[in-house]
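Asker: Need coordinates for the below:
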Amino acid sequence: MKKRYAVMGSGLAAGALCMAMAMNVMAAEITKEQAQQKALENAGVKEAQVAFIRAELDWEDGRKVYDVEFFTEDYKEYDYEISAADGSILSVDYDAETAFYFERGNRSNGDVSVTSDQARTTALDHAGVKEEDVPFIHVKLDYDDGLQVYDVEFYTEDGKEYDYEIDAQSGTILSWDYDAEQFSGAGSRRENGGSRAAAETSVTEEQARAKALEQAGLKDSQVTWRKLKLDYDDRRLVYEGEFISGHLEYEFEIDAASGTLVDWDVESIYD
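Answerer: Numbers count the residues shown, from 1 in each chain. Modelled structure (predicted):
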């Protein structure tokens, strides 16, 4: 009988210990206010400069996160995803509202003042990343809402992805996006002293464009291109593209190593 009580006592003690540990874990989670403060500090924004802010607790990939969104009085929008467990920043999205830039007046569509190298340097400096730590970087001059911009995209050795949009006239960062990618093997993209990403791009942008047009049975003069860029999808480098012809919208992915069409979608622009 005494042995039975001893076993029951041990079980109760173990249960109490587990409960205490669970309570400690729960207590370690940050509050909504702490998540908001974390986001503001990272953005370098004071609460007095914020016109609107909100934080909501959510689940993402099986973990609790705070979605924090705020707008500043000078039309900048920030979106953060912050781990509720330890307060680490999982993703950041920043966007300077387009209306703010049009208030400056009409912009010239002539030669750009900022070079692609300067745009690349601006993005890397802002991210605090050295170019030698980047196995893949892509810079492209494009138009967005009537402005000439540089789309800068790069990945770091530890699997982080950065996307920047930089004003081609002033060099101002118009928007940027950061994601801590979780796929395996991100740190081994360099092989034989070179960049695996560079080896994967045996297909040029022009070849990818021609492949998509051939699939659609169209000529370049018959379409309006909306997007064509290099990106990683399921750990392989692909060209992501989108164009419109007539009342149809075409979206595709082409393997940057082999030129194989891996995804194709056509739908009405009214859908």
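
Asker: What helix or strand is Leu213 located in?
Answerer: helix 205-216 (DSSP states H and E).

Asker: If you count contacts, what does that helix end up packed against?
Answerer: strand 224-233, strand 236-245, strand 248-255, strand 261-268 (3 or more Cβ pairs under 8 Å, 6 or more residues apart in numbering; DSSP states H and E). For the C-beta atoms, the positions are set from N, CA and C on the backbone; glycine is no exception.

Asker: For that helix, give the mean pLDDT please.
Answerer: Mean per-residue pLDDT for helix 205-216: 93.

Asker: what angle sits between that helix and strand 248-255?
Answerer: Interaxial angle, helix 205-216 versus strand 248-255 (axes from the mean of the first three to the mean of the last three Cα atoms, to 10 degrees): 130 degrees.

Asker: Show me the contact partners of helix 205-216.
Answerer: Residues from elsewhere that reach helix 205-216 (Cβ atoms under 8 Å, 6 or more residues apart in numbering): 219-220, 223, 225, 228, 230, 239, 241, 243, 245, 250, 252, 254, 256, 259, 261, 264, 266.

Asker: export it as PDB, just CAs?
Answerer: C-alpha atoms of helix 205-216 as PDB (Å, rounded to 0.1, in the frame of the first residue of the first chain):
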ATOM      1  CA  GLU A 205      15.700  35.600 -70.400                       C
ATOM      2  CA  GLU A 206      15.200  36.000 -74.200                       C
ATOM      3  CA  GLN A 207      15.000  32.200 -74.600                       C
ATOM      4  CA  ALA A 208      12.500  31.900 -71.800                       C
ATOM      5  CA  ARG A 209      10.400  34.600 -73.500                       C
ATOM      6  CA  ALA A 210      10.600  32.900 -76.900                       C
ATOM      7  CA  LYS A 211       9.600  29.600 -75.300                       C
ATOM      8  CA  ALA A 212       6.500  31.100 -73.700                       C
ATOM      9  CA  LEU A 213       5.400  32.800 -76.900                       C
ATOM     10  CA  GLU A 214       5.900  29.600 -78.900                       C
ATOM     11  CA  GLN A 215       3.700  27.800 -76.400                       C
ATOM     12  CA  ALA A 216       1.000  30.500 -76.700                       C
END
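
Asker: Pull out the buried positions in that helix.
Answerer: Residues Glu205, Ala208, Arg209, Lys211, Ala212, Leu213, Ala216 are the ones in helix 205-216 that count as buried (16 or more other Cβ atoms under 10 Å).

Asker: Switch those residues over to JSON lines; also include distance to Gln49.
Answerer: As requested, the buried residues of helix 205-216 are exported to JSON lines (distance: Cβ to Cβ, whole Å):
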{"residue": "Glu205", "distance to Gln49": "40"}
{"residue": "Ala208", "distance to Gln49": "43"}
{"residue": "Arg209", "distance to Gln49": "43"}
{"residue": "Lys211", "distance to Gln49": "48"}
{"residue": "Ala212", "distance to Gln49": "44"}
{"residue": "Leu213", "distance to Gln49": "48"}
{"residue": "Ala216", "distance to Gln49": "48"}
